[in-house]
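Peer 1: need coordinates for the below:
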Amino acid sequence: MQPLLVDVYAAQAATGIKPGTIRVWLHRGKLTHHGHDQAGRTLVDLNEVAPRLMADAA
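Peer 2: Residues are numbered from 1 along each chain as shown. Got it, this is the predicted structure:
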């Protein structure tokens with residue numbers, strides 16, 4: 001599956017997960033960091049974010 005790279009704010013809009021939570025998951029190695037966009041925003045793979053929420057809820 002191709003990564004769907006979005007910034008943490010777009011990830012929040014798509015999943016409802018707060019950007020701060022996504023940043024914590026990145027820091028803890030639970031998500032893969034995919035660099036930054038031209039504005040300097042952190043990029044994550046949206047395909048990794050939603051399953052991470054399910055894993056933390058279990």
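Peer 1: only C-alpha atoms for contact and neighbour calcs from this point on.
Peer 2: OK.
Peer 1: quick one, grab the pLDDT at the nearest residue to residue 18 once chain neighbours are set aside.
Peer 2: Leaving aside its chain neighbours, residue 18 sits nearest to residue 12 (5.6 Å; criterion: C-alpha to C-alpha, 6 or more residues apart in numbering). Looking at residue 12, its pLDDT is 95.
Peer 1: look up phi and psi at the residue nearest the centre of the chain.
Peer 2: With distances taken as C-alpha atoms, centre = their mean, residue 44 lies nearest the centre of the chain, 4.2 Å away. Backbone torsions for residue 44, taken as degrees, to the nearest 10, come to phi -130, psi 160.
Peer 1: what sits against it?
Peer 2: 4-8, 11, 31-35 (C-alpha atoms under 8 Å, 6 or more residues apart in numbering).
Peer 1: just those: which are in helices?
Peer 2: 8, 11 (DSSP state H).
Peer 1: what stretches of this protein score poorly on pLDDT?
Peer 2: 54-58 (pLDDT under 70).
Peer 1: mind redoing it with 90?
Peer 2: The model of the chain has pLDDT under 90 over residues 1-3, 49-58.
Peer 1: which residue ranges of it form strands?
Peer 2: 5-7, 43-45 (DSSP state E).
Peer 1: can you add distance to residue 20 and give these back as a markdown table?
Peer 2: Below are those laid out as a markdown table (distance: least, C-alpha to C-alpha, whole Å):
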| stretch | distance to residue 20 |
| --- | --- |
| strand 5-7 | 12 |
| strand 43-45 | 13 |
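Peer 1: residue 26 is nearest to which of those strands?
Peer 2: Comparing those against residue 26 with C-alpha to C-alpha, the closest turns out to be strand 43-45 (8.6 Å).
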